[in-house]
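Q: Predicted model and sequence below, questions to follow.
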Amino acid sequence: VFTDPILMCGPIIAKYLSVPSVYFLRGFPCGMDSEATQCPNPPSYVPRLFLNNSDSMTFAQRVTNVLVRMLEFVYCKPIFALFEELAYEIFQKKVTAIELLSHGSVWIMRYDFVFEFPKPVMPNMVFIGGINCDQKK
């Protein structure tokens, strides 16, 4: 199944049919892509989204980064709760969004690793940045 996993319907269908899934996305909220691929994502090292921190943070920025990471557990849970309920109805067992995403065979990321902050990635994460860019005139 070739899908954008944000709406979680593709991962649910792939798990239901027991077929491999390929995810095509720009990024995932709350660092769920790192959790699903079991990729290290230390909050004192990797800047959180929307904080405008660089990869060389001060101590205060690192503390803020850790606090924002802890808040993500609170505000990201309701986003995927409906999909977890749908998965429960289909599979008749409790399935989390992370478990559904962890079955992705390949993650095709639509951003360029050169322009992002350095962070660890897993071998099944492929960067194809620039495909949505128009050639400069």
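A: That came in fine, so what should we check first? As the structure is a computational prediction, the values presented were derived from the model and not from experiment.
Q: contacts and neighbour counts: CA atoms only from here.
A: Noted.
Q: Would you confirm that Arg62 contacts Ser44?
A: Yes - with contact defined as CA atoms under 8 Å, Arg62 counts as touching Ser44 (5.1 Å).
Q: wait, what's in contact with the residue nearest to the spatial centre of the chain?
A: In the chain, the C-alpha nearest the mean C-alpha coordinate belongs to Asp33, at 2.4 Å (CA atoms, centre = their mean). Shown in contact with Asp33 (CA atoms under 8 Å, 6 or more residues apart in numbering): 27, 101.
Q: quick one: average confidence on the helix or strand hosting it?
A: Per DSSP states H and E: Asp33 is located in helix 32-36. For helix 32-36, the mean pLDDT works out to 87.
Q: Flag every buried residue along the helix or strand just after that helix.
A: Downstream of helix 32-36, the next assigned helix or strand under DSSP H and E is helix 59-91. Buried residues in helix 59-91, counted by 16 or more other CA atoms under 10 Å: 61-62, 64-66, 68-69, 83-85, 87.
Q: Which one of the residues you listed is nearest to Tyr16?
A: Within the buried residues of helix 59-91, the smallest distance to Tyr16 is 9.2 Å, found for Ala87 (CA to CA).
Q: pretty sure the closest one contacts Val95?
A: Yes - between Ala87 and Val95 there is a contact at 6.4 Å, judged by CA under 8 Å.
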